[in-house]
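# I'll drop the sequence and a predicted model, then ask my questions.
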Amino acid sequence: MPETTAATETTETDKQQLLELQTRPLSVVGGLSSIERLSRLYDIVRSLNSIRDLDKLLAQILASAAQMVDARGGFLMLTDSDGQRLKCEVTSGVATSGLKGASLPIDERTLPGMMASQGKPFLKNDEPNSPNFSAQRSGKSRNNINKLVCVPLKVQDRITGVVQVIDKV
């Protein structure tokens, strides 16, 4: 019988760990595997690089963001030339359809304005109980929002807008 050494044991342990890694299923998030998510992201980047019309590009960015998180709607806002206001350029879904053309100041009073001023993304899974949506709790809102993601758009280090998608399905 061959003598077992520490080097042989380590090699066998390494082989076992490698076999376990190879047969372990990829992590699945939102019903998609890691490979499917990367493939979808690659397709999005490729399609965005081929669009030359600004309106079509903005619509595709919003559609891609909503699709990535299985959202039911959302909007995309761009900053004005002074960097003081956000204007809603594209909407998707019933809950945001009336926002096209709306203008908001970049300040702390609205979520998109706050994200544009801070330059940080926002994710909330229990929006009805959030202080960000007091209109919804007071009954002033027509559409109940439970989950949302709001992400600033940046070119180099300058905020150019925000994308917000709501209610992951």
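Sure thing, it's come through.

# contacting residues around the lengthiest strand in the chain?
Ranked by number of residues, the top strand in the chain under DSSP state E is strand 158-168. The list of residues contacting strand 158-168 from outside it, by C-beta atoms under 8 Å, 6 or more residues apart in numbering, reads 30, 61-62, 65-66, 69-79, 83, 86, 89, 93, 95-96, 106, 111-112, 115-117, 119, 145-154. Using the backbone N, CA and C atoms, a C-beta is placed for each residue, glycine as well.

# not counting sequence-adjacent ones, nearest residue to Gln84?
Ile106 (5.9 Å; C-beta to C-beta, 6 or more residues apart in numbering).

# angles on the backbone of that neighbour, please.
Dihedral pair for Ile106: phi -90, psi 100, per degrees, to the nearest 10.

# can you dump the C-alpha atoms of stretch 154-169 in PDB for me?
Taking C-alpha atoms only, stretch 154-169 is exported to PDB below (Å, rounded to 0.1, in the frame of the first residue of the first chain):
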ATOM      1  CA  LYS A 154     -23.300  59.400 -14.200                       C
ATOM      2  CA  VAL A 155     -21.000  60.400 -17.000                       C
ATOM      3  CA  GLN A 156     -17.500  60.500 -15.600                       C
ATOM      4  CA  ASP A 157     -18.100  62.100 -12.200                       C
ATOM      5  CA  ARG A 158     -21.100  64.300 -13.200                       C
ATOM      6  CA  ILE A 159     -24.700  63.300 -12.500                       C
ATOM      7  CA  THR A 160     -26.700  63.400 -15.700                       C
ATOM      8  CA  GLY A 161     -30.000  62.000 -14.400                       C
ATOM      9  CA  VAL A 162     -31.700  59.300 -12.500                       C
ATOM     10  CA  VAL A 163     -33.600  56.000 -13.400                       C
ATOM     11  CA  GLN A 164     -36.300  54.800 -11.000                       C
ATOM     12  CA  VAL A 165     -38.100  51.500 -11.300                       C
ATOM     13  CA  ILE A 166     -40.900  50.300  -9.100                       C
ATOM     14  CA  ASP A 167     -42.400  47.100  -7.800                       C
ATOM     15  CA  LYS A 168     -40.400  44.100  -8.700                       C
ATOM     16  CA  VAL A 169     -43.000  41.500  -9.900                       C
END
